[in-house]
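> 3D, please:
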Amino acid sequence: MKNFNLGLRDKLVAKYLEKNQRKKISKKTDINVLLNQVKVNQKNESRKKIFFSAAASTSLLLFGLLIFS
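This is a model prediction of the structure:
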């Protein structure tokens, strides 16, 4: 039972020691990932514009049909 308590205590102590140490995290960005995100965003924006244009023209056409019929 004593060995189990030591292992548990070591784990708890190690958890708090890791937080105090500074970890060197390299901040690297891949240009290909960024370019792919830009392409996806542009594609989504163009789809939204086309959908909005189609919805607006359809609504104008229906409004015109209701008014002039």
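> so residue 29: helix, strand or coil?
coil (DSSP: H, G, I helix; E, B strand; the rest coil).
> what pLDDT is listed against it?
With respect to pLDDT, residue 29 has a value of 80.
> equivalent analysis for residue 34, please.
So residue 34 comes in at 93 (pLDDT).
> give me the number of residues near it?
10 (other CB atoms under 10 Å). From N, CA and C alone the C-beta is placed, and that goes for glycine too.
> give me the element it is part of.
Taking DSSP states H and E as the criterion, residue 34 maps to helix 31-68.
> check the gap between residue 14 and residue 25 for me.
Here the criterion is CB to CB, to the nearest Å. By it, residue 14 lies 20 Å from residue 25.
> let me redo that: residue 16
Counting by CB to CB, the gap from residue 16 to residue 25 is 20 Å.
> poorly predicted segments of the chain, please.
Counting by pLDDT under 70, the chain has low-confidence residues at 1-6, 18-23.
> settle it for me: which of residue 14 and residue 25 has more neighbours?
Taking other CB under 10 Å, residue 14 and residue 25 do not tie; residue 14 has more neighbours (9 against 6).
> just the element for the more buried one, please.
Counting by DSSP H and E, residue 14 is found in helix 2-20.
> and for residue 25?
Residue 25 belongs to no helix or strand when assigned by DSSP H and E.
> so who does residue 33 touch?
When the contact criterion is CB atoms under 8 Å, 6 or more residues apart in numbering, residue 33 has no partners at all.
> ugh, wrong one, residue 37
Counting by CB under 8 Å, 6+ apart, residue 37 has no contacts.
> repeat that for the one 4 residues further on.
Remark: with contacts taken as CB under 8 Å, 6+ apart, residue 41 is in contact with nothing.
> distance check, it against residue 47.
With distances taken as CB to CB, residue 41 is found 11 Å from residue 47.
> same deal with residue 38?
15 Å.
> ok, now residue 37?
Separation of residue 37 from residue 47 (CB to CB) stands at 16 Å.
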